[in-house]
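In: next come a sequence and a model predicted from it.
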Amino acid sequence: MTDPDATSQLSIDGSVPTILRVPAATDRLALVRALVETALYIDDWSLDDVIDAKVAVDEICSQIISAAAEGSSMEVVLHLASNGVVGEVRGDLVADVELDESTFGWRIVQTVTDTHTIRYADTTPGHGTRRVTIGFSKFRE
């Protein structure tokens, strides 16, 4: 999961996550946005909270796409709770690449989410890629 504190505060244990796997390509961002928006509206979120979560996931995916390994995919996982959402976006980056957390886009992610984490796995031998997992949480207002 992402941040243990967020997980415990959001009571997602035992919930069935919403999962989407798409190619790591900009033409798939509309599909990711639609998933986030629809999942949160179905759960009766306010317009402002939906927009915040959608913007955060969009920026996270854009960052992964910009450094993605050729032909790789992204996976978006959303755990919905009555008081918020805990999510992860996973992707395979070109080896030795780290996402730039000093950009305006990351400032937006920091502003519209309550928690966020970035974890890198070791480079996959023989593939020249390494896995990144970006976790976030957003509490409902």
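Out: Arrived safely.

In: host element of residue 76?
Out: strand 73-81 (DSSP states H and E).

In: list the helices and strands the longest helix along the chain packs on?
Out: Ranked by number of residues, the top helix in the chain under DSSP state H is helix 47-66. Packed against helix 47-66, as judged by 3 or more CB pairs under 8 Å, 6 or more residues apart in numbering; DSSP states H and E, are the following elements: helix 29-42, strand 73-81, strand 84-94, helix 104-112, strand 129-139. In this view, the C-beta of every residue, glycine as well, is placed from N, C-alpha and C.

In: tell me what the longest one is packed against?
Out: By that I understand helix 29-42. Helix 29-42 makes packing contacts with strand 18-23, helix 47-66, strand 73-81 when contacts are defined by 3+ CB pairs under 8 Å, 6+ apart.

In: now those in a markdown table, with mean neighbour count?
Out: Rendered in a markdown table, the data for those read as follows (neighbours: other CB atoms under 10 Å):
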| stretch | mean neighbour count |
| --- | --- |
| strand 18-23 | 15 |
| helix 47-66 | 19 |
| strand 73-81 | 20 |
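
In: mind putting those in a markdown table, mean pLDDT and distance to residue 127 included?
Out: Converted to a markdown table, those look like this (pLDDT from 0 to 100; distance: least, CB to CB, whole Å):
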| stretch | mean pLDDT | distance to residue 127 |
| --- | --- | --- |
| strand 18-23 | 95 | 17 |
| helix 47-66 | 94 | 16 |
| strand 73-81 | 93 | 14 |
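
In: pick out the residue nearest the middle of this structure.
Out: Centroid-nearest residue in the chain, with CA atoms, centre = their mean: residue 89, separated by 3.4 Å.

In: sticking with the residue of the chain most remote from its centre, tell me its helix or strand.
Out: The centre of the chain is farthest from one residue, residue 126, which by CA atoms, centre = their mean lies 26.6 Å away. Residue 126 is part of no helix or strand, with elements assigned from DSSP H and E.
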